[in-house]
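**Student:** take this sequence and fold it.
(2 chains)
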Amino acid sequence: GNSVTQMEGPVTLSEEAFLTINCTYTATGYPSLFWYVQYPGEGLQLLLKATKADDKGSNKGFEATYRKETTSFHLEKGSVQVSDSAVYFCALSEGYGQNFVFGPGTRLSVLP
Amino acid sequence: DVKVTQSSRYLVKRTGEKVFLECVQDMDHENMFWYRQDPGLGLRLIYFSYDVKMKEKGDIPEGYSVSREKKERFSLILESASTNQTSMYLCASSPTRRLQNIQYFGAGTRLSVL
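**Tutor:** Modelled structure (predicted):
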């Protein structure tokens, strides 16, 4: 079956540091890939997505590129802020919306 | 903007009580989901529904049931609450539309069973 693996953290960085959170996936077909973010006490919000190979999703300074050859969708940001402290979930979806798989989440703490 | 609304942010119940968690979405989405989120375990799917009156078990359905009488509303029911059901519960909805099948989440209900 489909699965998502991501570094579990926690990841602790200083403000303005470079961020990478690794995500790899296993899927039988051609999934769409997502990064969601969860701020403390809140539900999940879509951060970015990519629907086909070599697509780059981007939002709020975060980027991720759909790499089919390495089955990866790593999240990057050039300069993190304290306000980026949250839990980040990598996810995939195939078909018509019923089959969604989430990674375990990575907690990011950014220190001033 | 899509809005998924969960009826309560915080809920405290006693062991053995029947508990209803309500979720409403305003985007005419076909699919709705209930997850629970626990530290170290990530999101686990309890049930989902792909149409009115239709439901499918997820990974951890034991101790839960669901109801979907109207397209916009999906209820999670704890028939007899137990302390191991203390958790954060997240509702989500998504359209049945290839390449647009984003899940939209509510703010969550933090349930404590005493």
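
**Student:** C-alpha from now on. contacts and neighbour counts both.
**Tutor:** Noted.

**Student:** just for chain B, where's the confidence low?
**Tutor:** Along chain B, the model assigns pLDDT under 70 to residues B:2, B:97-100.

**Student:** my guess is B:Pro95 contacts B:Gln25, does it?
**Tutor:** No - between B:Pro95 and B:Gln25 there is no contact under C-alpha atoms under 8 Å: 11.1 Å.

**Student:** which residue sits closest to B:Arg36, ignoring its sequence neighbours?
**Tutor:** Nearest residue to B:Arg36, sequence neighbours excluded (C-alpha to C-alpha, 6 or more residues apart in numbering or on different chains): B:Tyr89, at 4.5 Å.

**Student:** name the SS class of the one you found, please.
**Tutor:** strand (DSSP: H, G, I helix; E, B strand; the rest coil).

**Student:** ditto for A:Ser83
**Tutor:** Applying three-state DSSP: A:Ser83 is helix.

**Student:** count the neighbours of it for me.
**Tutor:** Applying other C-alpha atoms under 10 Å in any protein chain shown, we find 12 other residues in the vicinity of A:Ser83.

**Student:** if I look at the nearest residue to it once chain neighbours are set aside, how far off is A:Ala86?
**Tutor:** Using C-alpha to C-alpha, 6+ apart and skipping residues adjacent in sequence, the residue nearest A:Ser83 is A:Val110, 7.7 Å away. Here the distance between A:Val110 and A:Ala86 works out to 9 Å (C-alpha to C-alpha, to the nearest Å).
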